[in-house]
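Enquirer: sequence and predicted model, in that order:
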Amino acid sequence: MPSPTRSNRAYRVVARIVRPLLFSMTRPDWHGGEHLPTDRGYIAASNHMTNVDPLTFAHYLWDHGVAPRILAKAPLFGVPVLAGVLRATGQIPVYRNTTNAVESLRAAIRAIEEGECVAVFPEGTLTRDPDLWPMVGKTGVARLALTTRAPVVPIAQWGAQDLLGRYAKLLKPIPRKKVTVVAGPPVVLDDLYDRPQDTATLREATERVMAAITALLEDVRGEKAPEVRYDMRKPPAPGERRPGGAHGTLPEPPA
């Protein structure tokens, strides 16, 4: 298949290596590509269950003619070889809890204004929901969406967790795993554009995005998600363990 028109040489080289590897381990089941805009920059927002999600997410988008700019946590840009790949393909570092945090948002805004697809995981880390349902999202995706007024396309993934478990270190490539990825219509946010970007507005926009992703995932799984979304901000129940760590997402706006 032809490479996305907005991909650079480095991106195409990486794709020629990674896509055959993914095809050898997975059976892609792609749906909803008609919802991906072709005439402007936009945000693709997906659920996050395993560390292999960024690859299956990018695989889906690439196969629909998109070379995504994925938000990746800044420490990855310090890893030899990987750092060079991330920079050469134009991925966006996320600086969390530092004075450089706002640079992540600015870089994402610039990419959208240039007509790129910015790919984000609104949860900011692997879901802590015991059954892998999307948990409460961070508000960075809302801030980006309301600032740029770009479409937010919800995307649900399911099956990648069979290739690499949530906290697993080793892949399980045999037999090939079915990986379903489906995109839905852009989330309706235009009624929020002219409201102040306060906590209430950002939380409402974020929850609309997470609800859209969850609805898509319910259809894929044929199950209903819990009525109350898992929230890492709430104190853990007695005896509950919550692994730490955070993946690429836009930082929370300042209070």
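Expert: Nice, thanks for sending it over. Numbers count the residues shown, from 1 in each chain.

Enquirer: what's the burial count for the closest residue in space to residue 134 that isn't next to it in sequence?
Expert: The shortest distance from residue 134 to any non-neighbouring residue, by CB to CB, 6 or more residues apart in numbering, is to residue 47 (4.6 Å). For glycine as for every other residue, the C-beta is placed from the backbone atoms N, C-alpha and C. Neighbour count of residue 47, defined by other CB atoms under 10 Å: 28.

Enquirer: the one 10 residues further on now?
Expert: Burial of residue 57 is recorded as 23 neighbouring residues (other CB under 10 Å).

Enquirer: now the helices for this protein?
Expert: Per DSSP state H, the chain has helices spanning 9-25, 53-63, 82-88, 101-113, 140-148, 160-163, 199-221. These are given in chain order.

Enquirer: and those helices as CSV, adding distance to residue 188?
Expert: Putting the helices of the chain into CSV (distance: least, CB to CB, whole Å) gives the following:
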stretch, distance to residue 188
helix 9-25, 32
helix 53-63, 22
helix 82-88, 33
helix 101-113, 18
helix 140-148, 11
helix 160-163, 28
helix 199-221, 7
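
Enquirer: looking at those, which is nearest to residue 119?
Expert: Counting by CB to CB, residue 119 lies closest to helix 53-63 out of the helices of the chain; the figure is 6.0 Å.

Enquirer: can you name the residues in contact with the closest one?
Expert: 1, 4, 7, 15, 18-19, 22, 26, 28, 30, 36, 44, 46-47, 67-68, 70, 72, 117, 119, 121, 155, 157, 160, 179, 181, 183, 248 (CB atoms under 8 Å, 6 or more residues apart in numbering).

Enquirer: would you put the C-alpha positions of it in CSV?
Expert: Coordinates of each C-alpha in helix 53-63 appear next as CSV, following Å, rounded to 0.1, in the frame of the first residue of the first chain:
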residue,chain,number,x,y,z
ASP,A,53,-0.9,0.0,22.1
PRO,A,54,1.1,2.8,20.4
LEU,A,55,2.3,0.5,17.7
THR,A,56,-1.2,-1.0,16.9
PHE,A,57,-2.6,2.6,17.1
ALA,A,58,-0.1,3.9,14.7
HIS,A,59,-0.5,0.8,12.5
TYR,A,60,-4.2,1.5,12.2
LEU,A,61,-3.7,5.1,11.3
TRP,A,62,-0.9,4.4,8.8
ASP,A,63,-3.0,1.9,7.0
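
Enquirer: now that helix: mean pLDDT?
Expert: If you average the pLDDT over helix 53-63, you get 97.

Enquirer: ok, stretch 196-211 next?
Expert: 98.

Enquirer: repeat that for stretch 145-157.
Expert: Mean pLDDT, computed over stretch 145-157, is 98.

Enquirer: and what of stretch 78-94?
Expert: Averaging pLDDT along stretch 78-94 yields 92.

Enquirer: and the nearest residue to residue 162 once chain neighbours are set aside, what's its pLDDT?
Expert: Take residue 162 and drop its neighbours on the chain: the residue closest to it by CB to CB, 6+ apart is residue 177, 4.4 Å away. What the model reports as pLDDT for residue 177 is 98.

Enquirer: hmm, the residue nearest to residue 134 is touching residue 125, no?
Expert: No - Residue 47 lies out of contact with residue 125 (CB atoms under 8 Å); the separation is 11.6 Å.

Enquirer: so which of the helices of the chain is nearest residue 230?
Expert: Nearest of the helices of the chain to residue 230, taken as CB to CB: helix 199-221 at 10.7 Å.

Enquirer: report the buried residues of the closest one.
Expert: Residues of helix 199-221 classed as buried by neighbour count (16 or more other CB atoms under 10 Å): 201-202, 205-214, 216-217, 220.

Enquirer: nothing else from me, thank you.
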